Structure formats: C-alpha cells, structure tokens
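J.: here are the coordinates; sequence isn't available:
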C-alpha cells in the first residue's frame with residue numbers, strides 16, 4: 001500500500017467545547033490526506049458549521065449513548081483505507097496521524113495504536129498493553145520509540161482515544177459490537193483482530209493528550225457516576241467468549257477497590273458506594289441477557305472529503321518568554337495559528353513549578369511552569385537554568401512529536 005487515504009472519526013456527546021478544541025488541533029496535522037467524520041448527538045450537530053466549513057466535514061447523528069454504534073456510523077461514512085479514532089476530549093500532537101498510519105504499509109497490519117498522555121500533557125496515561133483472556137489489560141514493554149509490529153495472533157490493546165484500523169478488515173470482522181456501549185468496546189475488536197491472524201502495531205510517538213472530560217459515567221476527577229455499563233459489558237464479554245463467572249467476581253473486586261479509593265480520597269460518600277455497587281450488579285444482570293447481533297456495515301461510503309488542504313504546513317514555530325509576558329506571547333502565537341502556522345508558546349515563571357502542556361482554545365499549544373521546575377518524572381525537583389537554556393531543552397523534547 002502507498003500512502004493511504006485516512007478517515008478520522010471523532011465521537012462526541014454533549015461536549016461541544018471539548019470537540020471544538022479537538023477539531024482545531026487536527027488542523028495542524030503534518031499528514032494532510034485525511035477526512036474528518038464527526039458523530040454527535042442532535043444538539044451538538046446544530047453547531048458543527050462553527051467548527052469548520054461543512055464542505056470539509058462529514059457528520060452523523062447517534063441518538064443513543066452507545067460508543068460502538070457511534071463508531072460504526074463513522075466507519076460507514078469513511079472513504080479512507082484506514083480509519084483512525086480520537087476522543088473529543090483529546091488533543092492530537094501534530095505528527096500523530098502520520099505516525100499512527102505509517103505501519104499500514106505492511107500488509108499484515110490491521111490495527112495500530114499510540115501512547116496517551118494525561119491531563120498535564122506530560123505523564124503517560126496509557127502505553128503498550130496486552131489483553132488477558134478475561135479482557136483485562138496487562139502492560140508490556142517495548143524496546144524503543146520506533147514502530148513495534150506485534151506478531152499475528154497476539155491480542156494487543158489499543159486505546160479508543162488513539163487507534164486506527166484497516167477499514168476493509170474492520171468491516172469484514174463486523175465492526176464494533178454494539179452490545180459494548182461504553183466498556184470493552186475496542187478490547188473486543190482487538191481480540192477479533194488477533195483471532196483472525198492479523199497484526200497490531202504499537203507506535204509510541206503517535207501521541208495524544210487525553211483530558212478526561214466529565215460524562216454521565218465519570219466526573220472530571222475520574223469519580224465514577226455509574227457502573228452499570230461496565231457490569232453489563234463484562235457480563236456480555238463472559239458470555240460471548242465462554243469465560244467463567246469467576247471473571248465477574250474479579251470485576252466486583254476491582255470495582256470495590258476503586259470505590260474504596262474514591263471513599264478515602266473524599267470523592268465518594270458511603271451512600272454513593274452502596275448505590276454504585278447496586279448499579280454494577282444491575283448491569284451484570286442486564287448484560288447476561290444481551291444477545292450477539294453482528295453489525296452489518298455497508299462497504300460503500302460517500303466520496304472522500306478532504307478536511308485539510310493538501311499543501312504542507314509551515315514548520316512548527318516556538319514563541320517563548322517569562323510568564324509575566326504571556327499575554328503578548330499568546331497574541332503572537334494566535335496570530336501564527338490564524339495564519340496556518342502550527343505554534344507552541346513556552347511561558348515560564350521564575351519558580352520551580354512543575355510543567356504542564358496543553359492546547360489553547362485560540363489554536364496553539366502551550367507549555368507552562370517554572371524555569372527551574374521539572375517537566376518529566378526523571379528530572380530533579382530543582383534544576384538551575386537561564387530562561388533561554390530551559391526553552392531550548394523543552395523545545396528539543398517537544399520536537400519529537402511536533
């Protein structure tokens with residue numbers, strides 16, 4: 001396969017602000033040959049024209065709160081050889097898509113996944129994982145930062161906020177199982193890809209930053225609001241793959257520990273714990289009744305609709321200075337962004353504050369923190385730098401993904 005056409009699918013439900021930031025960051029992908037498909041609730045769909053001209057977007061409405069159904073709607077609209085997925089509360093690094101789709105030039109590769117950083121833009125939230133028989137994930141170590149092609153038949157976990165699939169293979173395997181409405185959705189796809197003998201590539205430098213926006217399932221602080229779909233999905237998984245009921249006991253134990261942690265941290269009250277445990281049991285009971293109904297996905301899609309212009313982007317620019325100058329620095333960064341130049345503003349104070357990386361709603365990346373503070377776990381709490389020296393150090397680190 002030569003350089004593939006790519007369809008990027010974003011599922012969004014009642015989070016227009018997060019979706020706006022996600023779409024704005026996609027403007028600056030170094031890979032230009034892609035289309036953008038937004039699958040949203042009806043209310044969000046009314047505002048899509050404010051995100052980008054309609055001739056640059058494909059869209060669909062998913063009335064149900066069902067991530068698998070929404071993704072299948074996106075797949076059926078996709079005209080690309082490869083379909084990539086990113087969540088609406090995630091920000092893609094500029095080189096994300098170029099790196100994520102590169103492994104598909106190898107014919108046996110049916111899926112790829114990248115690494116995910118957390119809300120501070122620095123700490124790794126998810127890396128490489130392998131799926132255990134009960135559907136849980138176990139960490140695996142990679143030997144470096146280059147693409148790692150995993151052997152056929154090995155069930156490698158991709159994260160729903162940073163993954164891609166060969167479209168024809170995904171359709172042939174039945175797409176996403178719509179009985180997984182929130183949990184284990186991509187795990188099930190990963191297992192079927194492995195069972196079919198295809199390979200999955202993990203690409204560490206294909207990075208996104210995941211914001212963990214609040215939803216009906218969890219709060220911004222990751223406090224659980226409902227465990228119903230987790231219980232239902234696990235019970236359905238046990239039934240589908242002929243797993244023992246002891247897997248459900250293990251789920252109960254994991255969720256009980258999670259709730260105890262929330263109680264200790266003050267995120268939950270005792271009454272919340274009791275309610276959520278009942279919620280989990282109700283989900284398990286309902287999940288046992290779900291029957292397998294393979295999704296029927298149509299092969300033909302509407303014509304490819306490029307999201308980005310085919311011209312290469314200008315080189316990534318950096319603007320920097322002291323925190324006290326941030327207004328003027330942000331104005332310069334916004335001007336570059338508005339002109340189509342990807343940009344990062346590095347604004348540092350004369351402190352040892354930890355660093356944070358984030359995407360500004362005006363269309364540029366920001367790194368903030370102290371000149372003497374740490375920007376990775378391996379650094380000491382205090383390091384002596386001049387501002388210009390520290391900016392060069394951080395720019396060198398950022399150049400890996402920008």
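T.: Structure received. On a predicted model such as this, the values are computed, not experimentally measured, just so you know.
J.: Residue 250 - how many residues pack around it?
T.: Neighbour count for residue 250, taken as other C-beta atoms under 10 Å: 14. In short, each C-beta sits where N, CA and C put it, glycine included.
J.: Surely it touches residue 133?
T.: No: under the criterion of C-beta atoms under 8 Å, residue 250 is not in contact with residue 133, lying 11.4 Å apart.
J.: Check which helix or strand residue 205 maps to.
T.: Counting by DSSP states H and E, the element that carries residue 205 is strand 199-210.
J.: what do you get for residue 91?
T.: Per DSSP H and E, residue 91 falls inside strand 90-92.
J.: Name every strand pairing with that strand and say which way it goes.
T.: Here strand 90-92 has these sheet partners by DSSP bridges: strand 199-210 (antiparallel).
J.: Check which element follows the partner strand along the chain.
T.: helix 228-240.
J.: State the number of residues packed around the nearest residue to residue 184 once chain neighbours are set aside.
T.: Spatially, and ignoring its direct neighbours in sequence, residue 184 is nearest to residue 233 (4.5 Å; C-beta to C-beta, 6 or more residues apart in numbering). Burial of residue 233 is recorded as 27 neighbouring residues (other C-beta under 10 Å).
J.: Next: residue 350.
T.: Counted with other C-beta under 10 Å, residues neighbouring residue 350 total 12.
J.: show me the contacts for the nearest residue to it once chain neighbours are set aside.
T.: In space, and not counting its chain neighbours, residue 350 is closest to residue 371: 5.8 Å by C-beta to C-beta, 6+ apart. Neighbour list for residue 371: 348-351, 385-387, 390 [criterion: C-beta atoms under 8 Å, 6 or more residues apart in numbering].
J.: lowest average confidence, helix or strand, in the protein?
T.: strand 148-149 (a mean of 80; mean pLDDT, DSSP states H and E).
J.: Partner strands of that strand, with direction?
T.: strand 199-210 (antiparallel).
J.: Report the distance from the strand it pairs with to the chain centre.
T.: Mean-position distance between strand 199-210 and its chain equals 10 Å (C-alpha atoms, centre = their mean, to the nearest Å).
J.: Same check on stretch 122-134?
T.: Using C-alpha atoms, centre = their mean, the offset of stretch 122-134 from its chain centre is 13 Å.
J.: Next one: the residue nearest to residue 184 from residue 179, what distance?
T.: As defined by C-beta to C-beta, to the nearest Å, residue 233 lies at a distance of 8 Å from residue 179.
J.: Spit out the residues that contact these two alike.
T.: What both residue 233 and residue 179 touch, as defined by C-beta under 8 Å, 6+ apart, is the set residue 287.
J.: related to what we said a few turns ago, ok, now which ones touch the residue nearest to residue 184?
T.: Residues in contact with residue 233 (C-beta under 8 Å, 6+ apart) are 179-185, 283, 287.
J.: Make CSV out of the residues you listed and add pLDDT and neighbour count.
T.: Listed next are the contacts of residue 233 as CSV, based on pLDDT from 0 to 100; neighbours: other C-beta atoms under 10 Å:
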residue, pLDDT, neighbour count
179, 97, 23
180, 97, 26
181, 96, 22
182, 92, 19
183, 95, 21
184, 96, 25
185, 96, 23
283, 98, 24
287, 97, 25
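J.: Could I get the residues you listed in JSON lines, plus columns for secondary structure and distance to residue 258?
T.: Below are these laid out as JSON lines (DSSP: H, G, I helix; E, B strand; the rest coil; distance: C-beta to C-beta, whole Å):
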{"residue": "179", "secondary structure": "coil", "distance to residue 258": "23"}
{"residue": "180", "secondary structure": "coil", "distance to residue 258": "19"}
{"residue": "181", "secondary structure": "coil", "distance to residue 258": "20"}
{"residue": "182", "secondary structure": "coil", "distance to residue 258": "15"}
{"residue": "183", "secondary structure": "coil", "distance to residue 258": "13"}
{"residue": "184", "secondary structure": "coil", "distance to residue 258": "16"}
{"residue": "185", "secondary structure": "helix", "distance to residue 258": "19"}
{"residue": "283", "secondary structure": "helix", "distance to residue 258": "15"}
{"residue": "287", "secondary structure": "helix", "distance to residue 258": "18"}
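J.: ok, and the closest non-adjacent residue to residue 328?
T.: residue 321 (7.7 Å).
J.: ok, now which ones touch the one you found?
T.: Residues counted as contacts of residue 321 (C-beta under 8 Å, 6+ apart) are 328-329, 347, 387.
J.: Can you classify it by secondary structure?
T.: In three-state terms, and counting by DSSP: H, G, I helix; E, B strand; the rest coil, residue 321 is strand.
J.: Grab the nearest non-local neighbour of residue 299.
T.: Excluding its sequence neighbours, the residue lying closest to residue 299 (C-beta to C-beta, 6+ apart) is residue 171, at 6.3 Å.
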